[in-house]
Structures are given as structure tokens and as C-alpha cells.
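Peer 1: pasted the sequence and its predicted model underneath.
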Amino acid sequence: MLSTYKKKPAIGLNGFAIEGWNAIISLLGKRSIGRCVMAIDCYTGIDHEELQNQFLKLESDLFIHTKDLFISESEVEVLTARFMTDDVLFGYNSNISLSEYFDLDKLKAAQKSVGEASGSVIIFGHGAQLVAVADTLIYADMPRWEIQQRMRRQEATALGIDNSREPFSFQYKRGLFNDWRVLDKHKRAIYHNVDYWLDTVAHDSPKLIDRQTFYAGMDKAAASPFRVVPFFDPAPWGGQWMKDEFALDASKVNYGWGFDCVPEENSLLLDVNNIVFEMPSVNLVYTKSSELLGKPVEARFGMDFPIRFDFLDTVNGGNLSLQVHPTTQYARDNFGLHYTQDESYYIMEAKENAHVYIGLKTGVDRHVMMDELDKAEQGDLVFDADKYVNKIPTKKHDHFLIPAGTIHCSGMNAVVLEISSTPNLFTFKLWDWQRLGLDGKPRPINVQRGKQVLNWDCDTTYTNAQLVNNVEVVAQGHGWVEEKTGLHNSEFIETRRHTFSSPVIHYTQESVNVLNLVDGEEIIVESPTDAFEPMIIHYAETFIIPAAVEAYCIRPHGLSEGKECITIKASVRI
Ligand SMILES: O=P(O)(O)OC[C@H]1O[C@@H](O)[C@@H](O)[C@@H](O)[C@@H]1O
């Protein structure tokens with residue numbers, strides 16, 4: 001089958017971009033002559049040695065690596081212990097600042113030597129800009145998905161600690177709860193000072209763009225429909241649908257997850273005169289928050305992109321773990337989250353026997369059920385999920401609403417488009433069907449935490465009335481129908497489904513819109529006022545419309561011309 005799903009969407013623009021170390025070092029060499037300070041600040045995940053070796057070629061009179069100015073690794077452990085916690089999966093969101101990683105005496109001595117230097121100075125490493133205000137500031141960025149690949153290959157070190165030998169889940173936990181928060185806070189403070197952005201995702205093929213090009217890319221993305229770069233990962237329950245549909249690596253055992261819109265973790269590509277520059281898409285959220293999110297959304301969520309779209313593929317795979325997500329207060333008290341992991345499952349594809357587990361059966365005895373889950377966690381019992389949880393047969397276009405506290409999981413042989421709030425780690429597994437994780441070990445079960453957040457009022461009656469296919473027609477016209485499909489009234493996301501064979505006008509209404517083409521081969525997104533370039537979208541592609549776009553028109557296109565297509569759109573309820 002020929003896949004139409006685009007895996008490398010890029011925003012095209014003209015600007016300044018160069019590629020290759022020779023070109024980059026030669027350009028920067030011209031800016032590093034005489035009495036001048038150049039700082040190369042960076043994110044985690046970069047190859048420190050590779051970058052240091054390249055910048056040493058500039059033969060500066062003084063070269064400072066900020067790692068030599070940091071407190072010791074054991075002091076970093078102490079500094080971060082409260083946020084790392086003893087839990088194997090969950091930490092607490094850190095409020096540490098990057099300046100706390102510096103040994104003050106060493107920092108002062110370095111600052112003195114920079115002040116006294118008569119020639120060129122290079123300061124390299126995390127927080128380089130905190131050592132001295134540079135004449136030229138370069139930021140070596142790294143998207144989180146690439147960092148995770150490097151963590152798995154033991155190639156990445158954490159902020160102030162070399163934890164590359166630790167299991168991936170520990171490295172990820174330190175990144176998510178501490179390092180990336182610390183570095184994002186620092187990056188937000190220096191965006192406007194950065195002269196050049198450096199992309200070293202592809203080893204040996206670095207790219208550099210300048211400040212004007214960076215902002216031209218941000219301006220364009222914040223004013224047009226765009227896509228982020230999707231990424232895919234195997235899972236213990238993973239399936240085979242995405243492999244074919246998206247033409248993924250056939251040699252992989254399966255693909256479970258497809259992350260199509262998690263801007264904290266996805267990349268954004270800028271195609272600058274045919275040089276494709278990769279950066280974390282969160283740069284757009286941080287530099288264009290009100291244009292992208294909309295002012296009322298920014299007022300509520302700050303610089304968090306609150307909507308997540310991802311795929312869960314269980315076709316010829318298994319059931320997800322039977323699970324529950326924390327209530328808002330629990331997530332706030334225990335993990336320092338501002339909002340919790342509210343979810344929904346939009347069914348993209350379903351084989352004949354597909355089903356979703358959701359909500360408790362009416363009349364279950366909570367004490368007996370919890371006792372059995374406890375025993376199952378100890379390995380003393382095989383938990384009978386069907387006895388306690390509603391198992392609902394499903395078909396394409398069903399929409400299940402899953403507010404925090406709802407027991408749930410997708411069964412095998414379905415493709416779920418998750419339309420959820422952004423947090424995605426906070427899954428309390430209650431039962432994992434006696435199955436091992438991909439590393440051959442049982443995955444952590446959290447019955448004790450689950451007990452504290454399970455919504456026992458969510459029985460069969462409640463589930464059927466409030467969580468399954470709560471569909472209502474809200475508007476229609478010639479050749480189109482708009483339906484509200486959710487989410488539940490205790491979740492902040494609004495979803496609208498449009499079924500159409502003729503053009504449909506949409507309004508962002510001061511919220512970022514996230515959409516997916518859930519039926520039909522191809523549509524085109526256009527501006528009624530020619531304010532942005534038209535964008536073609538194929539089946540299953542997720543795309544983002546910044547709030548600042550205000551009005552946009554979607555119609556069937558190409559192979560779908562004149563045929564019926566269906567989009568699902570999510571926005572923040574204001
Ligand atoms: O990998 P398991 O725990 O089976 O779950 C798979 C996924 O299920 C979904 O409903 C979400 O809650 C995800 O956060 C979770 O990762």
C-alpha cells in the first residue's frame with residue numbers, strides 16, 4: 001500500500017542557513033576576532049565532545065567549559081533529590097534555576113578571567129550565557145524525542161550529572177521533571193539574545209540559522225496551519241496498522257505509539273532555502289504563545305500547549321494496561337502538575353472484535369475489587385477485568401470520553417486517536433494482563449495510587465450516559481454537518497466533528513485548534529483572505545491552526561474532490 005502520510009512536514013521560508021562544520025566554524029571564526037566573547041549555550045542531549053572539539057578549532061585565547069564551573073555531581077544529586085523522589089516513574093516538577101548549578105566561587109573566578117581577557121573568549125556549555133554577556137550567542141538546541149533516542153543508546157548525559165548508564169526510564173524521569181524544566185526556563189529568558197541557532201540532530205551534518213531566520217520561521221508558523229514531526233515507538237501491546245499506513249520500519253516488532261502533536265516533545269522543521277533545520281517545536285510555544293495558543297488559553301495555561309494528539313495502535317497487538325489517571329488535586333499534590341491527564345479515545349480504525357474497557361460495572365464491590373487488584377499485583381491472582389469493568393464493542397468513529405479517575409484501556413485490534421490533555425506519563429497501571437514490558441521485566445503497577453483516584457461513581461449507567469458517543473449535531477449546511485462529540489464536562493477540551501463534501505469555514509475563536517483527517521484521503525486548508533499558503537492534509541495527519549489565524553476553510557481536495565471527508569477538531573473551552 002502506498003502511504004500518503006507525510007512524516008517530515010516542514011515550514012518553507014527564505015533566510016540564512018548554512019550546513020556542515022566547515023561552513024559554521026568559518027562563519028563564526030569571523031565573529032571571534034580580537035577582544036570578543038562568544039557563548040555557546042546548550043540543551044541536554046547534544047554531543048558535548050563533538051561540539052567542544054569543533055569550537056576549539058576557533059583557537060580562542062580563553063576557552064571555558066561551564067561543566068568545570070558546576071557544583072559536583074553529588075551536590076547536584078542533593079539539589080535535585082526533592083524533585084527526583086524515590087518513585088521509579090514519577091518525580092515532582094522542579095522549580096530549580098540553572099544558576100543553582102554553578103559553584104559561586106568558580107563562577108566568580110571565571111567571570112574575572114573573562115573580564116581580564118585581552119583576546120577572544122569562548123564559553124561553552126549549559127548556562128554559558130550566565131557566565132558573561134556574550135558579543136555572539138549561539139544556542140545548540142535539541143528536540144526531546146532525539147534526546148530520548150540518545151538516552152536509550154547511553155549517549156546523553158543529564159544536567160550536571162553523567163547518568164548515561166542508568167536505565168532509560170530514570171534518565172527520562174530526570175529530564176522530564178527536572179533538567180528540561182530548568183533549561184526551558186533558562187532558554188525562555190535568553191531567546192531574544194540568541195544570534196545563531198545550531199541544529200546537531202544529524203551527526204556530522206550540523207546546521208546553523210541566524211536570529212532573523214529563526215523569528216521569520218516562528219512568525220510564519222504562528223500565522224499558518226502547520227504540522228510537527230511525528231514520532232513512533234513500539235509498545236508491549238503495540239500493533240501493525242501504523243507500520244503499513246505510515247510506511248514505518250517494517251523490521252520493528254510493532255508500533256504502539258504515534259505522537260503526532262505533543263509540542264513539548266516533537267520537532268518543528270524549517271526548510272530554509274532547502275536546508276532543513278530541526279528544532280524543538282516548544283520554541284514556537286515559548287516565543288509565540290499568545291498568537292499560537294490564543295490569549296485566553298495563554299492566560300489559563302501559561303506557555304503550556306495543553307492539547308495532545310497521539311495514536312495507540314493495538315491491531316494484532318494486545319490490550320493496553322487497565323489504568324486510571326490522577327485527579328487534578330492528586331496530580332498537583334504529588335507531581336506538581338497544573339492540570340492533569342484527562343483523556344479521550346477517538347476510534348480511527350477497529351477490527352471486528354475490537355472493544356474498549358471503560359467505567360466500572362454497576363454494583364461492583366469496591367473492597368473485593370481492590371483486594372483482588374492487590375493480590376494480582378503480588379502475583380497471587382489473575383485479575384478478571386471483565387467481571388468489574390464494562391467491555392464495550394467499538395467501531396470506527398466512536399468517541400470515548402475519559403476524565404481523570406475513570407478506569408479504562410483500549411482493547412486489542414483498534415487504532416485510537418487520543419485527544420487528551422498534554423501530560424502523558426501519569427498512568428496508574430492497575431493490571432497488565434500478566435505481560436512483560438519490552439525489556440522483559442514486569443512494568444510498574446500502581447494499585448495503591450490508583451485506589452486514591454478511582455471514580456467509583458463511574459458505573460455502567462454513568463458510563464453509557466456520559467462517556468460513550470455523547471454526540472450532538474450543533475450546526476449544518478449544504479454538504480456539511482458539525483457535531484459536538486465531547487469531551488466530558490469535567491475536561492477542558494471541546495471536540496467538533498465535521499462531515500463534509502463541500503467547503504467548511506472554521507473559526508479559531510481565540511483558541512489553538514488541533515485537527516485530524518479521520519476519514520477521506522485528502523483535504524486542503526485555505527485562508528478566506530489569502531493570509532496564509534494553502535496546506536494539503538492527508539488521511540490521519542494531525543495539523544495545528546494557531547489561534548491568530550482566526551478563519552480558515554477546509555474542503556475535500558485531490559482524490560477526495562466531491563467526496564465525503566471527516567475531520568475532528570479540538571480546542572480549549574473558553
Ligand atoms: O502502556 P500502557 O500503560 O498500557 O498505556 C498506554 C497508554 O494508554 C493511554 O490511555 C494513555 O494513558 C497513555 O498515557 C498510556 O501510555
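Peer 2: Done, it's in.
Peer 1: alpha carbons only for contacts and neighbour counts from here, please
Peer 2: OK.
Peer 1: break down the stretch 351-500 of the chain into its strands, ranges please.
Peer 2: With strands called from DSSP state E, counting those that start in this stretch, the stretch 351-500 of the chain shows them at 355-360, 389-393, 399-402, 408-410, 414-421, 428-431, 472-477, 480-486, 493-500.
Peer 1: those into a markdown table, with extra columns for distance to Gly318?
Peer 2: Converted to a markdown table, these look like this (distance: least, Cα to Cα, whole Å):
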| stretch | distance to Gly318 |
| --- | --- |
| strand 355-360 | 11 |
| strand 389-393 | 15 |
| strand 399-402 | 19 |
| strand 408-410 | 9 |
| strand 414-421 | 10 |
| strand 428-431 | 13 |
| strand 472-477 | 32 |
| strand 480-486 | 27 |
| strand 493-500 | 28 |
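Peer 1: just say which of those strands is most tucked in.
Peer 2: With neighbours taken as mean count of other Cα atoms under 10 Å, the strands of the stretch 351-500 of the chain reach their highest mean count in strand 399-402, at a mean of 28.
Peer 1: counting contacts, what elements does it pack onto?
Peer 2: Secondary-structure packing of strand 399-402 (3 or more Cα pairs under 8 Å, 6 or more residues apart in numbering; DSSP states H and E): strand 343-350, strand 480-486.
Peer 1: what's stretch 501-515 in contact with?
Peer 2: 292-297, 307, 478-480, 542-556, 561-565, 567-572, 574 (Cα atoms under 8 Å, 6 or more residues apart in numbering).
Peer 1: if we can go back for a sec, right, and the helices and strands packed on strand 399-402 - which one's nearest Ile537?
Peer 2: Ile537 lies closest to strand 343-350 among the helices and strands packed on strand 399-402, at 16.1 Å (Cα to Cα).
Peer 1: okay, the angle between the closest one and strand 480-486?
Peer 2: 130 degrees (axes from the mean of the first three to the mean of the last three Cα atoms, to 10 degrees).
Peer 1: let me see the mean pLDDT of strand 343-350.
Peer 2: Average pLDDT, strand 343-350: 98.
Peer 1: same question, stretch 107-126
Peer 2: 97.
Peer 1: buried set for that stretch?
Peer 2: By 16 or more other Cα atoms under 10 Å, the buried positions in stretch 107-126 come out as 107, 110, 114, 120-126.
Peer 1: next step: those restricted to strands.
Peer 2: 121-124 (DSSP state E).
Peer 1: one step back: and the helices and strands packed on strand 399-402 as JSON lines, adding distance to His367?
Peer 2: As requested, the helices and strands packed on strand 399-402 are exported to JSON lines (distance: least, Cα to Cα, whole Å):
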{"stretch": "strand 343-350", "distance to His367": "26"}
{"stretch": "strand 480-486", "distance to His367": "32"}
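Peer 1: among those strands, which is nearest Glu155?
Peer 2: strand 343-350 (33.4 Å).
Peer 1: is that closest one anywhere near the ligand?
Peer 2: No - using Cα under 6 Å from any ligand atom, strand 343-350 stays clear of the ligand, coming no nearer than 7.2 Å.
Peer 1: can you spell out which helices and strands pack onto that strand?
Peer 2: strand 399-402, strand 414-421.
Peer 1: how near is Thr495 to the ligand?
Peer 2: Distance, Thr495 to the ligand, using Cα to the nearest ligand atom, to the nearest Å: 18 Å.
Peer 1: need the contact list for that residue.
Peer 2: Contacts of Thr495 by Cα under 8 Å, 6+ apart are 484-487, 568-571.
Peer 1: out of those residues, who's nearest Lys30?
Peer 2: Taking the contacts of Thr495 together and measuring to Lys30 by Cα to Cα, the closest member is Ser571, at 47.4 Å.
Peer 1: ok, the closest one - how many residues close by?
Peer 2: Neighbour count of Ser571, defined by other Cα atoms under 10 Å: 24.
Peer 1: likewise His367?
Peer 2: 9.
Peer 1: now do Val514
Peer 2: Neighbours of Val514 using other Cα under 10 Å come to 25.
Peer 1: in what helix or strand does the nearest residue to it once chain neighbours are set aside lie?
Peer 2: Setting aside the residues directly before and after it, Val514 is nearest to Ile544 in space (Cα to Cα, 6 or more residues apart in numbering), at 4.6 Å. Ile544 belongs to strand 542-545 when assigned by DSSP states H and E.
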